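# Provided below are the primary sequence and the corresponding predicted coordinates.
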Amino acid sequence: LTEPEINFQQSSDPSAGNYVVVLIHDPRSQLSFARAGHDRWTALLPSHCNFKDCVFKDGLLYALAEAGRIHAFDLSGPAVKHNVVMGEATDIFTPSKMYTVEAPCGDLLRVWKGKYFPDMNFRSRRKFKVEVEHVSEPGLYALEDEDDEDFSDPDHDPVPDRPFSYLFYVYRVDLAANKLVEVSSLGEDVLFLGHSQSLCLRSEEYPQLKANHVYFTDNCEHTWLPGTRGGAHQGDCVS
């Protein structure tokens, strides 16, 4: 079974009554929004971008699309304003998952997650790494039918059940210069990455969390069983 592509964001505290709710949903990972009090959803164009994640920042909705493009939507007025603020990324590997999140300092971050297998000629292992074992647990992951294997999938492994690492590449989005700046350390910050919503928190405000760590959930992106979720993992920032 293919996982439902659903990502939920809201612009502000709903108790104020003046907020916007945004969904990334099937088919084709489209964007739709609804204002408080409205009884229907409105699609955001373009509808063919295959959006991966989105976040509200400074009154704008930033949506991360396939190939790394970042779209900005102003939903404050009666007419939606749309602009592509970051073009296609061409200098990094094909990720299995992409996230966008606002850091506590106000920076917009773009995070790429991919797999590294020991025998792969991979570009780098410098970033965030989580060592896990590639295993299938009853009731946790669904196995894909071999006849339906997609070898174009960046997560596809022709040799199943071998150890691998998760690599996280973190970039600060410099909107003024229209470029990405690599982040080698989160400092005292902590990243939470998941299908529905991602967060960046300050570790001193949450002493139970480890600074300079990535926590991620639902790591089985392409298959899941009804009523289940992928496992949760954490990883150090390594150099």
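Now that the structure is in, tell me what you want to look at. Just so we're clear, the structure is a prediction, and the values are computed from it rather than from any experiment. Numbers count the residues shown, from 1 in each chain.

# Break this structure down into its structural domains.
Structural domains assigned to the chain are 1-90, 104-239, following automatic domain parsing.

# any idea which of the ones you listed scores lowest on pLDDT?
Confidence, taken as mean pLDDT, is least for domain 104-239 of the domains of the chain (a mean of 65).

# Isn't Val111 up against Arg172?
No: at 10.6 Å, Val111 and Arg172 do not qualify as touching, with contact defined as CB atoms under 8 Å. C-beta here means a position set from N, CA and C on the backbone, and glycine is covered the same way.

# More neighbours: the two, which one.
Per other CB atoms under 10 Å, whichever of Val111 and Arg172 has more neighbours is Val111, with 25 against 15.

# Let me see the contact set for that one.
Counting by CB atoms under 8 Å, 6 or more residues apart in numbering, Val111 makes contact with 98-101, 168-171, 191, 193, 198.

# which residues does it form a beta bridge with?
Tyr99, Val170 (DSSP bridges).

# and the gap between it and Leu175?
Distance of Val111 to Leu175, given as CB to CB, to the nearest Å: 17 Å.

# what does Asp189 give?
20 Å.

# again, but for Ala43
Taking CB to CB, one finds Ala43 at 25 Å from Leu175.

# Likewise for His195?
Per CB to CB, His195 is found 26 Å from Leu175.

# Name the residue in the two with the higher neighbour count.
More crowded of His195 and Leu175, by other CB under 10 Å: His195, with 23 against 14.

# I'd like the distance between the more buried one and Ala211.
Using CB to CB, we find His195 at a distance of 24 Å from Ala211.

# what do you get for Phe168?
In terms of CB to CB, Phe168 sits 15 Å off from Ala211.

# Could you do His48 as well?
His48 is 40 Å from Ala211, where distance means CB to CB.

# between the two, who's got more neighbours?
More crowded of His48 and Ala211, by other CB under 10 Å: Ala211, with 17 against 10.

# what are the phi and psi values for that one?
Main-chain torsions, Ala211, degrees, to the nearest 10: phi -60, psi 150.

# likewise Ser203?
According to degrees, to the nearest 10, Ser203 has phi -70, psi -30.

# what about it, distance to Asp174?
25 Å.

# Pick out whichever of the two has more residues nearby.
More crowded of Ser203 and Asp174, by other CB under 10 Å: Ser203, with 17 against 13.

# What sits closest to that one if chain neighbours are left out?
Distances taken as CB to CB, 6 or more residues apart in numbering place Ala211 nearest to Ser203, at 3.8 Å, with adjacent residues excluded.
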